[in-house]
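Engineer: Need a 3D model of the following:
(one chain, ligands or ions: 2)
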Amino acid sequence: MNNFKNAVTMGLFLVCTSALASDAKTKAMPCTACHGVDGNSIINPEWPNLAGQHPSYVTTQLQAFKSGARKNSNMNAMAAALSDQDMADIAGYFAGQAPKIATLDAAQIAAGATLYRGGNKVTGVPACMACHGPNGVGNLAAGYPALRGQHAKYTTLQLQAYRAGTRTTDPKEIMRTIAARMTDAEIDHISHFVEALH
Ligand code: HEC
Ligand code: HEC
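Structural biologist: Ligands and ions are numbered 1, 2, ... in the order given. Just a heads-up that it's a prediction; the model follows:
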């Protein structure tokens, strides 16, 4: 009898959780056209991977796109239609996907490794690792996004946007201050390093 009850309870539990999961997947469908079904975008490297990104970071960015605080012609329209619940569900869906990490040769990532781990003491660029973590997984509690496996092209565009002051979502201007001290070569090196980081 107990076994039967347990089986029924377990069955209901599975039905409920899979219904919730498929609801989130349905909501994420329009997003997967650009961001990939498994959160790894494949068509255009300007479209970021969302796989394994912290849900709180994703919802914060979606709110910023919705309010217009972060500007992008694709994303402002997409986010405008989302409720807070939609954002939470979709963020949960992408957070549960595994990020794909690029394989690049040692020569392509060497220069970025030094900067990522040690910064540039001459120009005052801090080590990215201090906030984004040695493996690029970021810091959930502090709101530092994961960077590992991200397309080099997307990372370059974001660092350029912070440097130009056109992306203003960073609290206390953290990333604007850092990017302002970076050269084009440093942005290029770090973007490739991060794409292969794990
Ligand atoms: C037509 C392509 C397209 C579609 C569809 C799309 N996105 Fe995007 N998304 C982009 C682009 C391009 C960017 C980069 C914007 C930028 O450069 O600031 C982006 C950025 C983002 C970011 C910021 C990621 C980061 O690392 O900061 C999030 C979160 C996001 N999209 C979520 C979504 C969600 C959720 C949906 C579905 C409701 C969606 N996107 C649909 C193209 C798209
Ligand atoms: C003091 C903490 C801190 C340090 C050090 C730091 N970052 Fe960040 N970074 C952040 C925060 C916070 C955000 C989210 C800002 C936002 O919401 O726009 C961020 C966002 C980013 C993004 C945007 C990610 C995305 O998905 O759009 C990139 C790229 C980035 N950082 C690269 C770097 C690099 C490269 C370095 C080292 C040169 C670095 N960061 C050092 C805190 C930091």
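
Engineer: Run the contact check for the helix or strand Gln158 falls within versus ligand 2.
Structural biologist: Gln158 is part of helix 152-164 when elements are defined by DSSP states H and E. Yes. Remark: helix 152-164 sits within contact range of ligand 2 at Thr155, Gln158, Leu159, by C-beta under 6 Å from any ligand atom. From N, CA and C alone the C-beta is placed, and that goes for glycine too.

Engineer: So which of the residues you listed is the closest to Gly143?
Structural biologist: Closest approach between those and Gly143, by C-beta to C-beta: Gln158, at 15.6 Å.

Engineer: Counting neighbours, what do you get for Arg163?
Structural biologist: Counted with other C-beta atoms under 10 Å, the burial measure for Arg163 works out to 20 neighbours.

Engineer: err, Ala110, not the other one
Structural biologist: Residues contacting Ala110 under the criterion other C-beta under 10 Å number 12.

Engineer: likewise Leu159?
Structural biologist: Using other C-beta under 10 Å, Leu159 is surrounded by 21 other residues.

Engineer: so what's it up against?
Structural biologist: With C-beta atoms under 8 Å, 6 or more residues apart in numbering as the criterion, the residues that contact Leu159 are Met175, Ala179, Met182, Ile187, Ile190, Ser191.

Engineer: ditto for Leu82
Structural biologist: Taking C-beta under 8 Å, 6+ apart as the contact definition, Leu82 lies against Leu62, Lys66, Ile90.

Engineer: That one: helix or strand, and which one exactly?
Structural biologist: With DSSP H and E as the criterion, Leu82 is inside neither a helix nor a strand.

Engineer: Closest to Arg167 out of the residues of helix 152-164 next to ligand 2?
Structural biologist: Closest to Arg167 out of these is Gln158 (6.4 Å), distances taken as C-beta to C-beta.

Engineer: mind checking how far the nearest residue to that closest one once chain neighbours are set aside is from ligand 2?
Structural biologist: The shortest distance from Gln158 to any residue that is not its chain neighbour, by C-beta to C-beta, 6 or more residues apart in numbering, is 6.4 Å, and that residue is Arg167. Distance from Arg167 to ligand 2, counting by C-beta to the nearest ligand atom, to the nearest Å: 6 Å.
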